[in-house]
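Novice: Provide a 3D model corresponding to the input given below.
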Amino acid sequence: MKKILFLVSAVVLLSACSSDAKVEKAAKEQCNKLFVEIAKDPSSVKLSDFRTVYKTDSLCILHLVFTAKNGLGVENSDDMEYLYYVGQDGNQYESYLDLSQRDSIFLNEDQMEVEKANTFYANLDYANAMKHRVICELNENGRVVGDSKADVHIESVVKTGKWELKQYKDEFGQEAGDKYMVLWGTGTFSNSAATNSEMSAVLFVDKNSVSLRLVEYKSSVVKDDDSFDLKLKDKDGIITNFKLYNTSSGYIPFTNSDYFGKRYDDIMKVLNKEGIVYCSGVMHNSYSSSSYTFSLNLDGFKEAYKYIAQ
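Specialist: Numbers count the residues shown, from 1 in each chain. Coordinates of the predicted model:
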């Protein structure tokens, strides 16, 4: 009987190793294709110092050096991280990060224990925490292999969608006090100086408040003390109008008031519906106006809110 159990265990182990090896091989092959595709000069691409930092039967994370000529013909080298994941739907997904600009998705077990303390995945074991981090990155910045135009919607290990969990900091810059949630959306803005230029919208939610920030291009927070007329179209096609005001710090709060109505109550109703909401807003000031169009994927809100409502 012991001999049979040993043989079964050996077969299972060999099968797992074989699956890991297949995923790793596929990841390296696709990694080569992707970096050739994104290069300004595909013929100049050189990939070196390949390191498989993590792999399972469905996931592989590679670190490598990507060398290629830029648009001016100058050769540059960058440390990169490549993510490859085989979903339960049979699709293959990929993404990459420039490690000079982004923190690595991969963490070793000691790093993970520190990192996950104040996250939605704090109670997951190492393997599932790694899987969750990768899926969140793929949902945000990844693509389907072979169909780059397809939307990426992979169900995360923790059902909190694209929401991030943060914690307020004290006067010394240390995390303390209540937690809050953050959600990023993307869109475009137009004004007298720009037409359909890139922008982001950032939604902040804590136990007692909801606020919005608008970020033009990638770093310029809109901080004018102006009125902001916002329309939200929820997943059922219902449109809710909000009369809001920006602040000098760039936070646009949703608050209840006798004059403007139950803006906090109304936004909470939209959030609890979840789904994708489409947003159209106009920021008014004394001299001109700016228009903003963006979307927010609210999926996972109810599960994520449990972490801050305690």
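Novice: tell me where the model's unsure across the stretch 201-310 of the chain.
Specialist: 286, 310 (pLDDT under 70).
Novice: what's next to stretch 302-310, contact-wise?
Specialist: 120, 158-161, 163, 165, 178-181, 205-207, 271-272, 274 (CB atoms under 8 Å, 6 or more residues apart in numbering). All C-beta atoms are positioned from the backbone trio N, CA, C, and that covers glycine.
Novice: buried ones in the helix or strand encompassing residue 94?
Specialist: Here residue 94, judged by DSSP states H and E, is contained in strand 92-98. By neighbour count on 16 or more other CB atoms under 10 Å, the buried set for strand 92-98 is 92, 93, 94, 95, 96, 97.
Novice: turn those residues into CSV, including distance to residue 198 and pLDDT.
Specialist: Converted to CSV, these look like this (distance: CB to CB, whole Å; pLDDT from 0 to 100):
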residue, distance to residue 198, pLDDT
92, 28, 96
93, 24, 97
94, 23, 97
95, 19, 96
96, 20, 97
97, 19, 95
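Novice: keep only those of the contacts of stretch 302-310 that are in helices.
Specialist: Using DSSP state H, the subset of these located in helices is 271, 272.
Novice: okay, and which of the contacts of stretch 302-310 map to strands?
Specialist: 165, 178, 179, 180, 181, 205 (DSSP state E).
Novice: just the buried subset of those, please.
Specialist: 165, 179, 180, 181, 205.
Novice: right, and the second one touches residue 117 too?
Specialist: Think residue 179. No - here residue 179 lies out of contact with residue 117, judged by CB atoms under 8 Å, at a distance of 11.2 Å.
Novice: what's the local residue count around the residue nearest to residue 47 when sequence neighbours are not counted?
Specialist: Once flanking residues are discounted, residue 47 sits nearest to residue 64: 5.5 Å by CB to CB, 6 or more residues apart in numbering. Neighbour count for residue 64, taken as other CB atoms under 10 Å: 22.
Novice: dig out what residue 64 forms beta bridges with.
Specialist: Here residue 64 sits in beta bridges with residue 80, going by DSSP bridges.
Novice: quick one: contacts for it?
Specialist: Residue 64 sits next to 31, 47, 48, 49, 50, 51, 79, 80, 82 when contact means CB under 8 Å, 6+ apart.
Novice: near the third one, how many other residues are there?
Specialist: Burial of residue 48, expressed as a neighbour count using other CB under 10 Å, amounts to 9.
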